[in-house]
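1. got a sequence here, can you model it:
(4 chains)
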Number of protein chains: 2
Amino acid sequence: MANEGSTLRERKKAKTRAALIDVSQRLFAERGYIGTTLEDIAAEVDVTTQTLLRYFDSKAQLALAPLIAPLEGLEHHLEDQGRSVDTLSAWRLYVQIEAEEAANPSEATTATYVANLRTYHEWVDKDPALVASLSGVERRLQQVLATAMAQDAEVESDDLHSTLVAALLVAGRRAVWDRWMARGPDTGSLVDDQLAVVDYAVASLPRRVLEATE
Amino acid sequence: MANEGSTLRERKKAKTRAALIDVSQRLFAERGYIGTTLEDIAAEVDVTTQTLLRYFDSKAQLALAPLIAPLEGLEHHLEDQGRSVDTLSAWRLYVQIEAEEAANPSEATTATYVANLRTYHEWVDKDPALVASLSGVERRLQQVLATAMAQDAEVESDDLHSTLVAALLVAGRRAVWDRWMARGPDTGSLVDDQLAVVDYAVASLPRRVLEATE
DNA sequence: CTTGGAAGTGTTAGTGACTGACATATCATA
DNA sequence: TATGATATGTCAGTCACTAACACTTCCAAG
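-> Model (predicted):
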């Protein structure tokens, strides 16, 4: 568990950050989202609420940190791969890695973390603000994805086809993920389902069909 | 413009509600979302902020009222049509009506209203909270739509195919709408584009393809 | 090892969205 | 016109979030 941050300062930061997530995760699950104040969380981690807000932009961002992290990771992944690989391949790769990681967690991803993921829908779905926040993050991801694919295809950035494919990919990822979290631990293969959805989206939405009607 | 509410009380309510939307719309456009306080809006309409909050659940709901209204109308439309018509037909009909209304507004829908729609992206997209709120409403709509379609097809409510079709329909509606708002007044037919996207979604996502991989 | 500067944290004071309880005013209806 | 319902105002309060400033902790260069 010892973080491998080169400097002491970085290790400390990573530690408090992790603590904030862990504690908040537990409190949110116990007392609910609105039933837990930032002060409660900060007090238990032994920092001030202001410090907490230096780590996370908002209460929602803290609550959704474990769900937002992979989404932002995906954004970065798409930016990094940029020119070297086409966007769809980058997406497929990331979704696969992400699913494998959740299916059999490595030492980096603790079992507690995966366990927490499963309890998310019990308290996240209850609060409209949280649902909205998560949807907002997903929407931004969708736009990044659509723009990247439009660039690949060398079409205008608000290309309708790219937008729809991106929407299908993001929604599909979320849907498979939700189902996996809601149902029992090992109902079907998470990895297989994720990849299947990508194939389905790509195969089902040929550009030609849309252009004909446009 | 005189509201045809049967009772005086209802007419008053409708009037202040409309005033709140109009004033807020203008102020948000002028000073931005965060730059406008609820107090500013309430003062100009000559009510207290508490009264304002009795009309709208939150600042975001007020700001997005003109965008949320049709979405909720769509939800009700789907519920009403319920058993009489299949969900997809209900969706198609509503999207069509909605687009026609915007393309050539009737006396009920004022021209100012349509003009406001076009300036939305200038200040809504700037604020993550607003983007999130709107995305949240759309997500709920997507779920309602997916559930309804799953019932039509007599499959489990978390059916993956229904979810994906719903996602595509909602995203497509939004995309066509955004493009219409962003580009000039009459670039292409809004109605035709909306209907084309519905056809495209239905034609492109056959259940078989997904079932084969599931 | 020390020192200068950067980075993290605490403190304080404040804003603004939102809630609840209660009193008051306004309107519908009998 | 009287009575109950509904809308609004008033007051007090919570909480997320911001900004400015002082202080402590840590890194890195000399």
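
2. ok, A:Gly172 - contacts?
-> A:Val197, A:Val198, A:Tyr200, A:Ala201, B:Leu160, B:Leu164, B:Ala167 (CB atoms under 8 Å, 6 or more residues apart in numbering or on different chains). For the C-beta atoms, the positions are set from N, CA and C on the backbone; glycine is no exception.

3. so which of the residues you listed sit within helices?
-> A:Val197, A:Val198, A:Tyr200, A:Ala201, B:Leu160, B:Leu164, B:Ala167 (DSSP state H).

4. tell me the pLDDT at the fourth one?
-> By that I understand A:Ala201. Confidence at A:Ala201, expressed as pLDDT, is 93.

5. spatially nearest residue to it (excluding sequence neighbours)?
-> A:Leu168 (4.3 Å; CB to CB, 6 or more residues apart in numbering or on different chains).

6. right, is the longest helix along chain A up against DNA strand C?
-> Criterion DSSP H: the longest helix present in chain A is helix A:128-153. No. Shown here: helix A:128-153 not in contact with DNA strand C (CB under 7 Å from any atom of the strand), separated by at least 8.4 Å.

7. next, the angle helix B:128-152 makes with that helix.
-> Helix A:128-153 runs at 90 degrees relative to helix B:128-152, counting by axes from the mean of the first three to the mean of the last three CA atoms, to 10 degrees.

8. for A:Pro206, give its distance to B:Asp158.
-> To B:Asp158, A:Pro206 is 27 Å away according to CB to CB, to the nearest Å.

9. who's more crowded, those two?
-> Legend: neighbour count by other CB atoms under 10 Å in any protein chain shown for A:Pro206 and B:Asp158, higher for B:Asp158 (16 against 12).

10. sec struct for the more buried one, please.
-> Three-state assignment for B:Asp158 (DSSP: H, G, I helix; E, B strand; the rest coil): coil.

11. which element is A:Ala99 on?
-> Element membership of A:Ala99 [criterion: DSSP states H and E] is helix A:87-103.

12. so A:Ser178 touches A:His121, yeah?
-> I think there's a mix-up here, since residue A:178 is Asp and not Ser. Yes. Between A:Asp178 and A:His121 there is a contact under CB atoms under 8 Å: 6.9 Å.

13. give me the more crowded residue out of those two.
-> With neighbours defined as other CB under 10 Å, A:Asp178 and A:His121 compare such that A:Asp178 has more, 15 against 12.

14. separation between the more buried one and A:Ala196?
-> Counting by CB to CB - A:Asp178 and A:Ala196 are separated by 15 Å.

15. okay, the closest residue to DNA strand C within chain A: pLDDT?
-> Of all residues in chain A, A:Thr51 sits closest to DNA strand C, with a separation of 3.3 Å (CB to the nearest atom of the strand). With respect to pLDDT, A:Thr51 has a value of 98.

16. apart from its neighbours in sequence, what residue is nearest it?
-> Per CB to CB, 6+ apart, closest to A:Thr51 is A:Ala42, 6.9 Å.

17. I'd like the distance between the one you found and A:Arg54.
-> 11 Å.

18. of the two, who's got more company?
-> Using other CB under 10 Å as the criterion, A:Ala42 and A:Arg54 rank with A:Ala42 on top: 20 against 10.

19. buried set for whichever strand or helix holds the more buried one?
-> Assessed by DSSP H and E, A:Ala42 sits inside helix A:38-45. Along helix A:38-45, these residues count as buried under the neighbour rule (16 or more other CB atoms under 10 Å in any protein chain shown): A:Leu38, A:Ile41, A:Ala42, A:Val45.
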